[in-house]
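Trainee: Give the three-dimensional model of this entry:
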Amino acid sequence: MAHRVFVTRELPGDGFANLLTDAAVDVDVWPLDAPPSREAFGERVRGVDGLICLITDRVDASVLDAAGPQLRVVSAMAVGVDNIDVAECTSRGIAVGNTPGVLTETTADIAWALILAAGRRIVEAAEYVKGGEWRTWSPTQLAGVDVHGATLGVVGFGAIGQAVARRAQGFGMRVLYWNRTPKSVEAAELGAEQRSFEDVLAESDFVSINVALTDETHGLIDASALSRMKSSATLVNTARGPIVDEAALVDALRDGQIAAAGLDVTAVEPLPMDSPLLTMPNVVVLPHIGSASLATRCKMADMAVANLRAGLAGGPLPNSVVG
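Mentor: Coordinates of the predicted model:
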């Protein structure tokens, strides 16, 4: 009998294409761009042996109950698995997989795109031209801040944080970092200096958020943290939205506590159109495209399918998350 599998969106890549034509697997794919509702999710997972999900899909006890005891594997097309109750899956003997490593460099590219866009007011300047406001050249017109020679603070010095720091070498930047565990060898190779969380915020011209979302990091960048930053500083977040207290960020930007922000992630996604962040010229908001190069997304999908196949076969996952 074929293994039943639910995939919460159509995926790119050869791995997924091959999965669809595999007679040993009965694949149900959610047909819409928007994620399934909770009700629809519960209905579609009923009786499945495997699940491939995205970061938009909350996999908790209610979903696992709806699926039933035959569910063997939950495979996330993502590095972060904060949308999955990993402990609950583990307690039920359900393997959980993710797609680490492959999106490191692509996400670091986006962090740098935001550093440059927010620091040099790129989006604001482009809109200035499109709006017909460009009539002459003047000495201070749309003047931003220098990136070269500035100080970059990296909050979270894992693979992506290190990739962000590596790119800073080309700009002659001083790099400071904070991490919950020591990274002395990696830091030495990159010329990065370890500091306390408070000192990284206080000394940096650009602060890049690269920690995973956990109970400890939820709201890490709150009003107190923002108050420690320079008034000329830019905050960049390519990790997860809830790491930053969005209301506090709005206040900090309005009050001139910090100068600008570049966000690839927000607390609620999509960001509501009535969010004050969308009215601020010193904020660049992207729709969570950190890993969105076609090559990287295909590799992620291939890894997710590989995890799924291994879980269905009852073997170890190539990339397993331990609960």
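
Trainee: the strands in the chain, which residues?
Mentor: With DSSP state E as the criterion, the chain has strands at 3-7, 25-29, 50-53, 73-76, 95-97, 151-155, 174-178, 192-194, 206-209, 234-237, 260-263, 283-285.

Trainee: Please pull out the lowest mean pLDDT helix or strand from this structure.
Mentor: In the chain, no helix or strand scores lower on mean pLDDT, DSSP states H and E than helix 184-190, which sits at a mean of 92.

Trainee: How about residues contacting that one?
Mentor: 157, 162, 165, 166, 169, 175, 177, 192, 193, 194 (Cβ atoms under 8 Å, 6 or more residues apart in numbering). Where you see a C-beta, it was placed from the backbone N, CA and C, and this is true even at glycine.

Trainee: sorry, back to before: so for residue 39, which of the strands of the chain sits nearest?
Mentor: strand 3-7 (14.2 Å; Cβ to Cβ).

Trainee: List the buried residues of the closest one.
Mentor: Neighbour-count burial for strand 3-7, counted by 16 or more other Cβ atoms under 10 Å, picks out 3, 4, 5, 6, 7.

Trainee: List the strands paired with it, with their directions.
Mentor: Note on strand 3-7: by DSSP bridges, its sheet partners are strand 25-29 (parallel), strand 50-53 (parallel).

Trainee: Buried deepest among those, which one?
Mentor: Of the strands paired with strand 3-7, the one with the most neighbours on average (mean count of other Cβ atoms under 10 Å) is strand 50-53, at a mean of 27.

Trainee: Sketch out the low-pLDDT regions of this structure for me.
Mentor: By pLDDT under 70, the weakly predicted segments of the chain are 323.

Trainee: any idea how it splits into domains?
Mentor: Domain assignment for the chain by automatic domain parsing gives 3-102+294-312, 104-285.

Trainee: could those go into TSV alongside distance to residue 322?
Mentor: Below are the domains of the chain laid out as TSV (distance: least, Cβ to Cβ, whole Å):
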stretch	distance to residue 322
domain 3-102+294-312	7
domain 104-285	14
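
Trainee: Of all those, which one is nearest residue 319?
Mentor: Residue 319 sits nearest to domain 3-102+294-312 of all the domains of the chain, at 5.3 Å, using Cβ to Cβ.

Trainee: Between the strands paired with strand 3-7, which one is closest to residue 240.
Mentor: strand 50-53 (16.0 Å).

Trainee: Please list the residues outside the closest one that contact it.
Mentor: Residues from elsewhere that reach strand 50-53, judged by Cβ under 8 Å, 6+ apart: 3-8, 11, 45, 59, 67, 71-77, 83-84, 304-305, 308, 311-312.

Trainee: And for stretch 172-181?
Mentor: Residues from elsewhere that reach stretch 172-181 (Cβ under 8 Å, 6+ apart): 147-158, 161, 165, 168-169, 183, 187, 190-197, 199-200, 203-204, 211, 216.

Trainee: which of the residues you listed are buried?
Mentor: 147, 150-158, 161, 165, 168, 183, 187, 190, 192, 194-195, 200, 203-204, 211.

Trainee: Determine which of the strands paired with strand 3-7 approaches residue 40 most closely.
Mentor: Nearest to residue 40, of all these, is strand 25-29, at 11.4 Å by Cβ to Cβ.

Trainee: okay, which residue of the chain is out on the far edge from center?
Mentor: Within the chain, the residue lying farthest from the chain centre (Cα atoms, centre = their mean) is residue 136, at 39.2 Å.

Trainee: what's the spacing between it and residue 142?
Mentor: 12 Å (Cβ to Cβ, to the nearest Å).

Trainee: Name the nearest residue to the most centrally placed residue in the chain, ignoring sequence neighbours.
Mentor: With distances taken as Cα atoms, centre = their mean, the chain has residue 239 as the residue nearest its mean C-alpha position (3.8 Å). In space, residue 239 comes closest to residue 209 once its chain neighbours are excluded; the distance is 4.9 Å by Cβ to Cβ, 6 or more residues apart in numbering.
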